[in-house]
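*Asks:* got a predicted structure plus its sequence, pasted below:
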Amino acid sequence: MVRQKFQRWIENNIDTLQNEGIVTEYTMPDVEDIESLSKPFIKIVQETKLCLGQVIVYKSREMVFEVIHIESEELLLWKYFENIKDDTDFQMILHPYFQTLKSGRIR
């Protein structure tokens, strides 16, 4: 449920993100049935002029995101959440991620 909610949130905000200079790409595991994985997930990879980022949301309600500076290859931000709720506000929880992705520095 949380994975699908996250996917809908990204799809609903993809134009806004692109207008902010954030290119989004879904990455899927190389398997026929994602539910057959031990930890099914949805993953997006995003890029700006300065940084690469990724967000992974697991069926187990875990979520992790990270931002890496392209030029220096420095890990700028890494965050792990253990139990994402169905009513999670992705805009709020991902705010530091998007700020770091756009600015190239920790805020």
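*Replies:* Yep, it's here. Residues are numbered from 1 along each chain as shown.
*Asks:* pull out the buried positions in the lowest-mean-pLDDT helix or strand in the chain.
*Replies:* Counting by mean pLDDT, DSSP states H and E, the chain has its least confident helix or strand at strand 23-27, which shows a mean of 88. The neighbour-count check on strand 23-27 (16 or more other C-beta atoms under 10 Å) flags T24 as buried. Quick note: C-beta positions are derived from backbone N, CA and C, even for glycine.
*Asks:* what's the answer for stretch 88-98, then?
*Replies:* Of all the residues in stretch 88-98, those buried under the rule 16+ other C-beta under 10 Å are T88, F90, I93, L94, Y97, F98.
*Asks:* so for these, which is the shakiest by pLDDT?
*Replies:* Of all the buried residues of stretch 88-98, T88 has the smallest pLDDT value, namely 91.
*Asks:* for I106, see how far away it is.
*Replies:* 23 Å (C-beta to C-beta, to the nearest Å).
*Asks:* do the same with V2
*Replies:* Distance from V2 to I106, by C-beta to C-beta: 26 Å.
*Asks:* who has more neighbours, the two?
*Replies:* When neighbours are counted by other C-beta atoms under 10 Å, V2 comes out ahead of the other of V2 and I106, with 21 against 11.
*Asks:* wouldn't that one be in contact with I56 here?
*Replies:* No - assessed by C-beta atoms under 8 Å, V2 is found out of contact with I56, at 11.7 Å.
*Asks:* which residues are in contact with both of these two?
*Replies:* Residues within reach of V2 and of I56 at once, by C-beta atoms under 8 Å, 6 or more residues apart in numbering, are M63.
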